[in-house]
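Below is the structure, and that's it, no one-letter string:
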């Protein structure tokens, strides 16, 4: 089993590395490059092909390992189609820009593909606030799924503003979740981890043969969608291998990108600024204002990002009640908002 997992991981690593190398050579011709600007301080034109390379590598390995006598399940087909729609929307946004209305329509369409295609028809949230258990059915569950997908897509899109941050946070969350829950990795997860490692090698320039690449909106939107439906599935007994965690615990798995997205959104609305307007008020931007070096910033953000899933899974395994888990993460979110808000006011006053 371990040998097979390593083989899949290594194959995904090599396959994604080849894809990154080839796609980077044609990125400029395709208009998929990120140019430096006043807001973007990197050097030179950087290919925005990380998301395409990861998606194509995982898809090829998934199809190759699929039994020839068995069609993919409706759930997997729905997820693959939704992920491709998010990838396509993000790639078009990277290339020529896509208006917010069209982005919202695409996200809702991807969420609907998963919701209706997989037969996901109810969401049991539990006793969140200490009054009574909440279960959403029918159209209310469909709307909730859309909100979850929209939130995760934008949270991961916002998090992807510094080399290595998105990839390392994803790896840590996935490894910690499986390690602490004790659930075996699936083929798709191993392939994703291998492809993600190849992207990190290119993104962080750990091996000069691979050109530096960015994830791009295509990658962050696609991964945000997949993470959202993965957590929805893990928190439900309707799909996959059964219920693995409580819905409230899922909030901890993506704790840092979630609380930062909510904090930035509310702060911008209170300032009269569009939540979708690019800015320098994200957590990774504010840490940079302290003059901390890039490796240290990456370690701090990754370490803090890992604390959320560790705390969430610990509370889950210790069978802490849902209400306590919910108000704990609300408290962590408020603390995040106060601390980052204080620093943001200091930066703006300069």
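Great, that's in hand. Keep in mind that what you see is a predicted model, and the values were worked out from it rather than measured.

what stretches of the stretch 101-250 of the chain score poorly on pLDDT?
For the stretch 101-250 of the chain, applying pLDDT under 70 flags the ranges 237-242.

which residues in the protein form helices?
2-30, 50-65, 74-95, 100-117, 139-159, 165-181, 187-203, 216-234, 247-253, 255-270, 283-288, 294-317, 322-349 (DSSP state H).

Most tightly packed of the ones you listed?
Mean neighbour count (mean count of other Cβ atoms under 10 Å) peaks for helix 216-234 among those, with a mean of 26. In this view, the C-beta of every residue, glycine as well, is placed from N, C-alpha and C.

what's the angle between it and helix 255-270?
Per axes from the mean of the first three to the mean of the last three Cα atoms, to 10 degrees, the angle that helix 216-234 makes with helix 255-270 is 120 degrees.

right, and the helices of the chain - which one's nearest residue 44?
With Cβ to Cβ, the closest approach to residue 44 among these belongs to helix 2-30: 10.7 Å.

For that closest one, what is the distance to the chain centroid?
19 Å (Cα atoms, centre = their mean, to the nearest Å).

Hmm, residue 206 is touching residue 200, no?
Yes. Counting by Cβ atoms under 8 Å, residue 206 does reach residue 200; the two are 7.3 Å apart.

Please enumerate the shared neighbours of the two.
Residues touching both residue 206 and residue 200 (Cβ atoms under 8 Å, 6 or more residues apart in numbering): there are none.

which residues does residue 112 contact?
Applying Cβ under 8 Å, 6+ apart to residue 112 gives the contacts 142, 146.

oh, I was asking about residue 197
By Cβ under 8 Å, 6+ apart, the contact list for residue 197 reads 9, 13, 171.

Could you report the distance from it to residue 299?
17 Å (Cβ to Cβ, to the nearest Å).

Equivalent analysis for residue 16, please.
Residue 16 is 24 Å from residue 299, where distance means Cβ to Cβ.

what does residue 268 give?
28 Å.

Also residue 137?
On the measure of Cβ to Cβ, residue 137 and residue 299 end up 44 Å apart.

and the residue most central in space within the chain, what does it touch?
Nearest to the mean C-alpha position of the chain, by Cα atoms, centre = their mean, lies residue 224 at 3.7 Å. Contacts for residue 224 (Cβ under 8 Å, 6+ apart) come out as 86, 149, 152-157.

and the two most separated of the residues you listed?
86 and 155 (13.4 Å).

For the helices of the chain, give me TSV that also has distance to residue 128.
Output for the helices of the chain, formatted as TSV (distance: least, Cβ to Cβ, whole Å):
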stretch	distance to residue 128
helix 2-30	36
helix 50-65	33
helix 74-95	26
helix 100-117	21
helix 139-159	13
helix 165-181	21
helix 187-203	28
helix 216-234	16
helix 247-253	7
helix 255-270	15
helix 283-288	25
helix 294-317	14
helix 322-349	5
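
which one of these lies closest to residue 126?
Distance to residue 126, taken as Cβ to Cβ, is lowest for helix 322-349 among the helices of the chain, at 3.9 Å.
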